[in-house]
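# got a predicted structure here, sequence first:
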There are 2 protein chains.
Amino acid sequence: MSSVRTVPTLDDVARKAGVSTATVSRCLNSPERVVERTRTKVMRAVEDLGYTPNFGAKVMAAKRTFTIGAIIPTMENAIFARGLQAFQEELHARGYTLLVSSTSYRPEIEAEQVRALVARGADGLLLIGYARHPDLYRYLRQREIPTLLAWAFLPGADQPCIGFDNRRSMQALANKVIAMGHRDIAMISGIVEGNDRAEGRRQGIIDALLENGMDPAAMPIIETPYDIDNGAEAFEQLLRGGTRPTVVMCGNDVLAAGAMRRARELGISVPDDISITGFDDIELARILTPSLTTVHVPHREMGRRAAAELVRMVEHESKGQPEQLDSSIMLRDSLKRIP
Amino acid sequence: MSSVRTVPTLDDVARKAGVSTATVSRCLNSPERVVERTRTKVMRAVEDLGYTPNFGAKVMAAKRTFTIGAIIPTMENAIFARGLQAFQEELHARGYTLLVSSTSYRPEIEAEQVRALVARGADGLLLIGYARHPDLYRYLRQREIPTLLAWAFLPGADQPCIGFDNRRSMQALANKVIAMGHRDIAMISGIVEGNDRAEGRRQGIIDALLENGMDPAAMPIIETPYDIDNGAEAFEQLLRGGTRPTVVMCGNDVLAAGAMRRARELGISVPDDISITGFDDIELARILTPSLTTVHVPHREMGRRAAAELVRMVEHESKGQPEQLDSSIMLRDSLKRIP
DNA sequence: GAATCAAATGTAAGCGCTTACAGTACGGGT
DNA sequence: ACCCGTACTGTAAGCGCTTACATTTGATTC
């Protein structure tokens, strides 16, 4: 059908320029090793033919790709988007290309994507959180793929990671909430199974309760996927059960936004009738009415540092330095002091 | 330093299983062509060695990658995130892997990413909008890379595209606004240069003004990057100039959210003192107080259809069928009728 | 038990590139 | 005129895989 004008190869360029393939290759990869006159001749041929090197062949021969892969649970969440954007910008500045894929929070898809990226020659990998099957870690180690975990910091983890301590951060917020007089606390949590961040956040609240001599078992918890509508639904469900809590602490800002929306729909005033808190401090938090009390996480900073460290790992300048970032509590209007 | 335990190859597997490389290859790619007994023997060897095929070599030999590339302006915008998530899910269901990269709205980076993805053997490409340098289109055509443009629909464009007519959609919204009695309209637009979506939306408002015998030149327009803070800034700037508009139409929901935040900060009531509209209908729109009047775009639907069509193109079952989706106006609380 | 033929497997030629090593050209010292 | 060293450039061997084609195997038939 279509004219089978085949894609030009190194060979075509060499022939057209009247030199060997080695010379063309050198022109492209280490121009200083070839004399001016030859180089311009070759470059002309490259232009004329519209030649672009075949990446697969290149990788196979050279064993380096200058590609970093990142695998995130979902692209829909602003948290990852932010950090990843910074990650990508930093990588680009260092001459690396970022390839992203997502897993919809499904471990088996993550494993698949890891293999896909490794097979495609990724020099290094960025993964979210530390909870995953040992086999996957074993695979990565065997392949000697530098891997950095982000969005989590587990003191003493054996994988290099960069992030913050989800548990401690949430504990700090819960302590604040308690200090403001709240005793009837409820929580809307993300799905904990296979998600160390969600798990850490839930534990953080429990830690705070214990610390203050309260009973964690008495706290109503609803576990639901991260999603606005789910937040709304969970909030309503929480209200149906027995005594109304004075505060609903949410596993992230998105859930909190859903809860606030439903509160409004039900004619319940935040924070006068009930307080609500979030986690992440995405832009949403400042836009909501009332503005959302939450835990601020330095996403961009994390993305940037992750890129720097991962490149160092790939270039064998570091074995992976764990790095803990600070989170901070953003007190805003959605949380009210109880008399 | 580290034991140089080299990565296992097809050859290693073949040797270990006592068969030829061809047989191993067949076991992996068309298992039905090899007898049960041999297959299990080979699979065992694969397991034992932890073998994963080298993608580069595979591509080079087979010329197919089952990889689709998508290049978006930014990951930070929920619009693309949504559609892309659906795109990825659909692709995954069809056995393709999606690789994403972003450009920060910079054309030269886009060109670079296109080449990176093509070099890596992407079977097909998803690009956003149609405005880009002819050279890039030429390159794609020469390489015979099936390319689908999304998030835009230009009647009569020569590239296959899937999306909606930004201009008509915004025109419809503006007509509605005018029908509700507004005469003093101002606009906060995204950067138009090199962004056909932003351009279309601006033109749409102008079309509506002309249609209603109003003077487009009299409409204040502020052009600013898509970003909440910029929306806020632009809103304030708009108020400083002469007569206060009765409505501010924004190029997207994010800008509108910024405008609403600033309005609240300035003690201006929406919609009593001033109306505000957006575009895209991201989740934000329903959460804002007051809820945002905007144009609804079926992002997920678009992502899903784009995946289906692009796969058809890659598999030579379609040459690229342009597809126009419908948008609709979501009338909500941020827009008020003027007496 | 020989002949036949389909199914299973093996052989080996690339795919497009990099790079160790070999070859060539040329200027300068003796 | 000869020898050397230096600076380029060419030759050719892979890199790990797929696949056309050749060969072997083994079930089936007469």
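Received the coordinates, thanks. Numbering: from 1, shown residues only, chains lettered A, B, ... in the order given.
# who in the stretch 201-339 of chain A is up against DNA strand D?
Contact residues (CB under 7 Å from any atom of the strand) of the stretch 201-339 of chain A with DNA strand D: there are none. Glycine gets a C-beta too; all of them are placed from N, C-alpha and C.
# where do the helices sit along the stretch 201-339 of chain A?
A:228-240, A:253-265, A:284-287, A:299-314 (DSSP state H, counting those that start in this stretch).
# in contact with the nearest residue to residue A:110 once chain neighbours are set aside, which residues?
Spatial nearest neighbour of residue A:110, excluding adjacent residues (CB to CB, 6 or more residues apart in numbering or on different chains): residue A:103 at 4.3 Å. By CB atoms under 8 Å, 6 or more residues apart in numbering or on different chains, the residues touching residue A:103 are A:71-74, A:109-110, A:113.
# next, work out how far apart the spatially most central residue of chain A and residue B:146 are.
In chain A, the C-alpha closest to the average C-alpha coordinate belongs to residue A:80, at a distance of 4.1 Å (CA atoms, centre = their mean). Distance, residue A:80 to residue B:146, using CB to CB, to the nearest Å: 29 Å.
# sorry, back to before: can you lay out the helices of the stretch 201-339 of chain A as a markdown table showing mean neighbour count and mean pLDDT?
Output for the helices of the stretch 201-339 of chain A, formatted as a markdown table (neighbours: other CB atoms under 10 Å in any protein chain shown; pLDDT from 0 to 100):
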| stretch | mean neighbour count | mean pLDDT |
| --- | --- | --- |
| helix A:228-240 | 20 | 95 |
| helix A:253-265 | 25 | 95 |
| helix A:284-287 | 22 | 92 |
| helix A:299-314 | 22 | 94 |
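# chain B contacts on the stretch 151-300 of chain A?
Residues of the stretch 151-300 of chain A lying near chain B by CB under 8 Å from any CB of the partner chain: A:228, A:257, A:260-261, A:264, A:283-284, A:286-289.
# can we see that at 6 Å?
A:228, A:257, A:261, A:283, A:287, A:289 (CB under 6 Å from any CB of the partner chain).
# so where is chain A shaky, pLDDT-wise?
Within chain A, the segments meeting pLDDT under 70 span A:1-5.
# how is it divided into domains?
Following automatic domain parsing, chain A resolves into domains at A:10-53, A:65-164+A:299-327, A:166-296.
# please enumerate the helices of the stretch 1-150 of chain A.
Under DSSP H, counting those that start in this stretch, the stretch 1-150 of chain A gives helices at A:10-17, A:21-29, A:36-49, A:55-62, A:78-93, A:107-119, A:134-143.
# how about the third one: buried residues?
The reference is to helix A:36-49. Buried residues in helix A:36-49, counting neighbours by 16 or more other CB atoms under 10 Å in any protein chain shown, are found at A:38-39, A:41-43, A:45-46, A:49.
# quick check: residue A:152 is in a strand.
No - counting by DSSP: H, G, I helix; E, B strand; the rest coil, residue A:152 falls outside a strand, being coil.
# can you tell me which residues contact it?
A:129-130, A:161, A:163, A:196-197 (CB atoms under 6 Å, 6 or more residues apart in numbering or on different chains).
# ok, and for whichever strand or helix holds residue A:172, which residues are buried?
Using DSSP states H and E, the element containing residue A:172 is helix A:166-179. Buried residues in helix A:166-179, counted by 16+ other CB under 10 Å: A:166-178.
# go through those residues and name the one nearest residue B:16.
Among the buried residues of helix A:166-179, residue A:166 lies closest to residue B:16 (CB to CB), at 43.7 Å.
# burial check on the residue nearest to the closest one when sequence neighbours are not counted, number of neighbours?
Take residue A:166 and drop its neighbours on the chain: the residue closest to it by CB to CB, 6+ apart is residue A:200, 3.4 Å away. Residue A:200: 24 surrounding residues under other CB atoms under 10 Å in any protein chain shown.
# residue A:200: which element?
Element membership of residue A:200, judged by DSSP H and E, is helix A:196-211.
# is stretch A:124-141 anywhere near DNA strand D?
No - against DNA strand D, stretch A:124-141 shows no contacts by CB under 7 Å from any atom of the strand, the least distance being 14.7 Å.
# okay, how far is it across that stretch, tip to tip?
Start-to-end span of stretch A:124-141 (CA to CA, to the nearest Å) is 12 Å.
# cool, stretch A:321-335 as well?
Stretch A:321-335 has its terminal residues 37 Å apart, counting by CA to CA.
# contact partners of that stretch?
With CB under 6 Å, 6+ apart as the contact definition, stretch A:321-335 has outside contacts at A:153, A:160-162, A:164, A:169, A:173, A:176, A:270-271, A:275-277, A:281, A:290-298, A:302.
# follow-up on the earlier one: DNA strand C: which of the contacts of residue A:103 is nearest?
Taking CB to the nearest atom of the strand as the measure, DNA strand C lies nearest residue A:113 of those, at 25.1 Å.
# looks like the closest one contacts residue A:101 (just checking).
Yes - taking CB atoms under 6 Å as the definition, residue A:113 is a contact partner of residue A:101 at 4.7 Å.
# report the two of the contacts of residue A:152 separated the most.
Spanning the widest gap among the contacts of residue A:152 are A:161 and A:197, at 11.8 Å by CB to CB.
# any idea how far the residue nearest to residue A:110 is from residue A:195?
11 Å.
# re the thing from before, now the common contact residues for residue A:113 and residue A:101.
Joint contacts of residue A:113 and residue A:101 (CB under 6 Å, 6+ apart) are residue A:71.
# done for today, thanks.
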